[in-house]
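Participant: predicted model and sequence follow; I will ask about them next.
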Amino acid sequence: MTYYGAHELVYNFRTVRNNTIKIANEIPEDKYSFSPAAGCRTVAQTLTHIAVITRVPTQIQFTLRVSNLATVDFMSIYGPLMAEEQATRTKDQILQLLREEGDKFATLLSGVTEDFLAEKVSMPPGLEPAEKSRFEMLLSAKEHEMHHRGQLMVVERMLGVTPHLTRQMQERIAAMQAQAQAAGR
């Protein structure tokens, strides 16, 4: 019995992408060139990276249906994406890219079967574990986005913006406190 399959992959990926889009909307366009430190991506580059990086699992898992990562020429996949991150785009263009690429990836995820998710993919020599399921590898796309979204939430703080997820938590805590106070606790 599986508790997390295609439906959950899609739902949770879309939730993560929608939260990324909210952050992208909250950061003013004139701050899209901001970089938190030398050698770090700008806001625009990070958002573009988030948008296009799902093309990697798309290529590996769906287009090529690779069974051994040692056979993959990663630079032929990553090279164009790294160049694309450097392209100048407006905030609206980046938001559109986030939506379009997210929809494409979610649509692919929605069609996977449990058998497909259970397939094993061998890792290159020296990596542990020696193999992973396609499920693990596809789930990592969401985890990767959450990693970069966390970076963007720190950037928001640096820019004086309270992230929407923090504001929502503050509102819930204030409501609980008000409720407790009204109940005389």
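Facilitator: Ah, there it is.

Participant: use CA for all of it now, contacts and neighbours both
Facilitator: Fine.

Participant: what about the helices in the chain?
Facilitator: Remark: helices assigned in the chain by DSSP state H are 6-26, 43-52, 55-57, 74-85, 91-110, 114-118, 134-158, 164-182.

Participant: quick one: average pLDDT of the second one?
Facilitator: This points to helix 43-52. The pLDDT scores in helix 43-52 average 98.

Participant: show me what it is packed up against.
Facilitator: helix 74-85, helix 91-110, helix 134-158 (3 or more C-alpha pairs under 8 Å, 6 or more residues apart in numbering; DSSP states H and E).

Participant: among those, which comes closest to S122?
Facilitator: Across the helices and strands packed on helix 43-52, S122 has its closest neighbour in helix 134-158 (10.2 Å, C-alpha to C-alpha).

Participant: in that closest one, what counts as buried?
Facilitator: 134-135, 137-139, 141-142, 145-146, 148-149, 152-156 (16 or more other C-alpha atoms under 10 Å).

Participant: check the offset of it from the chain's centre.
Facilitator: Its chain's C-alpha centre and that of helix 134-158 lie 5 Å apart, by C-alpha atoms, centre = their mean, to the nearest Å.

Participant: and the angle from that helix to helix 6-26?
Facilitator: Between helix 134-158 and helix 6-26, the angle comes out at 20 degrees (axes from the mean of the first three to the mean of the last three C-alpha atoms, to 10 degrees).

Participant: which residues sit against helix 134-158?
Facilitator: In this structure, residues lying in contact with helix 134-158 by C-alpha atoms under 8 Å, 6 or more residues apart in numbering are 9, 12-13, 16-17, 20, 23, 27, 36, 43, 46, 50, 54, 57, 61, 116-121, 162-163.

Participant: apply 6 Å and report the result again.
Facilitator: F13, I50, L117, E119, P163 (C-alpha atoms under 6 Å, 6 or more residues apart in numbering).

Participant: spatially central residue in the protein, please.
Facilitator: Nearest to the mean C-alpha position of the chain, by C-alpha atoms, centre = their mean, lies E145 at 2.1 Å.

Participant: show me the contact partners of stretch 3-22.
Facilitator: A106, L109, S110, V112, K142.

Participant: mind listing what's buried in that stretch?
Facilitator: Buried, per 16+ other C-alpha under 10 Å, within stretch 3-22: A6, L9, V10, F13, R14, V16, R17, N19, T20, I21.

Participant: that'll do, ta.
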